[in-house]
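In: predicted model, plus sequence, below.
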Amino acid sequence: MQFVVALLKKLPLQSIAIFIGGLLLGLIWAWWLDPVDFVDATPAYLRADLQEDYLRMAIDSYRVNPSPDLALQRWQNLGIGAQQAYLNIQANPGTQDPAIVKNFGDLITSILATTGGQPPQETGGSSSLVNTALIGIGVILVLGVLAAAGMYLFRLFGRRGSGEVTAVMQAQELSRSATKTDFSELGLAPPITQTMTTYILGDDLYDESFSIDTGAGEFMGEYGVGVSEIIGVGDPKKVTALEIWLFDKNDIKTATKVLMSQHAFSDIGIRSRLEPKGELVQVEPQAQILLETATLQLLATIVDLEYGKGPLPDNSYFDRITLELAIWPK
């Protein structure tokens, strides 16, 4: 039961609910409220055997009324299936006169040769192609959501069954045990939301995001932190910079700052790669970083910081880092 409760708390339920609701609404609209209506469809949509029957009737009609225009129109109505249907009839004319069958084919061949030999085009196929494309896109979206959910669950609980304590589980425990700042003691109003998040070496998929809602449940925006840059090679990945961001629904631009290790902050090459992402900040224990948008403020505090030790330069990647993220209306 605790596993289920922990899972539900971590999942972005609001985003999932919005996606599922939109998908269901789209399906209801497309299939029941405003479905595609096929009007004056051609025999090109028939099964192959029925297309052959249609062409036999067209040949019989041509025997009585040898109109080239009418014969060509009926041939084109079959689209790409016309040629195969004709070959089947030619190989097995049945009760039809082979000579009439041959005359019909010669007529179509001569007309097509006169018009440049273009094969008959299937009419009405665009709607079918659009429907197929929409279905394909829907399937891809659903599979993408399922794959993302699977990766998230694997990251969160992948090795729980083996009894091994994963980096994610260690990070969660550190975040739970960290003491949140009592801003009222500092003379500040309580934040709208206040979150502790921890990165630990080995959590290669670290990417946290949280929703910002009013007390009445009104959506105001989102904020989060994730891996921005790694250093060195091999597993686990050595994270040398994190990216913290704040999205405000009332602002056209997302505020972003890059929290860099001491080595990364002094490395010109790394700095040049990360500068386009946002303001560069060197992390220090208990340092505070402020992000602002049109109506929101995010104060990030470096609660805990420890660098990894290995063959890479000193203070170049994080062994663990705990952040406190607090949001206020501006």
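Out: Right, received. Where do you want to start?

In: make it CA atoms for all contacts and neighbour counts henceforth
Out: Noted.

In: isn't residue 207 up against residue 223?
Out: No. Applying C-alpha atoms under 8 Å as the test, residue 207 and residue 223 come out as separate, 10.9 Å apart.

In: give me the more crowded residue out of these two.
Out: With neighbours defined as other C-alpha atoms under 10 Å, residue 207 and residue 223 compare such that residue 223 has more, 21 against 17.

In: the closest residue to that one other than its chain neighbours: how many residues sit nearby?
Out: Beyond its immediate neighbours in the sequence, the residue positioned closest to residue 223 (C-alpha to C-alpha, 6 or more residues apart in numbering) is residue 246, lying 4.4 Å away. Residues within reach of residue 246, counting by other C-alpha under 10 Å, total 25.

In: which ones are touching residue 246?
Out: The neighbourhood of residue 246, defined by C-alpha atoms under 8 Å, 6 or more residues apart in numbering, consists of 221, 222, 223, 224, 254, 255, 256, 291, 292, 293, 298.

In: which of the residues you listed ranks first by neighbour count?
Out: Using other C-alpha under 10 Å as the neighbour test, the contacts of residue 246 are led by residue 298, with 25 neighbours.

In: surely that residue is within a helix?
Out: No. The secondary structure assignment for residue 298 gives strand rather than a helix, going by DSSP: H, G, I helix; E, B strand; the rest coil.

In: this protein: strands as residue ranges?
Out: Per DSSP state E, the chain carries strands over the ranges 193-200, 207-213, 219-231, 238-248, 255-260, 279-282, 288-292, 296-307, 318-329.

In: doesn't residue 327 make contact with residue 297?
Out: Yes. Between residue 297 and residue 327 there is a contact under C-alpha under 8 Å: 5.6 Å.

In: neighbour-wise, which of these two wins?
Out: Here residue 297 and residue 327 are compared on neighbour count by other C-alpha under 10 Å; more neighbours surround residue 327, at 23 against 19.

In: so what's the more buried one up against?
Out: Contact criterion C-alpha under 8 Å, 6+ apart gives 191, 192, 193, 194, 296, 297, 298, 299 as the residues in contact with residue 327.

In: show me what the fifth one is bridged to.
Out: This means residue 296. On DSSP bridges, the residues paired with residue 296 through beta bridges are residue 329.

In: against residue 251, how distant is it?
Out: 9 Å (C-alpha to C-alpha, to the nearest Å).

In: where does pLDDT dip in the stretch 101-250 of the chain?
Out: Scanning the stretch 101-250 of the chain for pLDDT under 70 picks out the ranges 116-136, 138, 145, 147-164.
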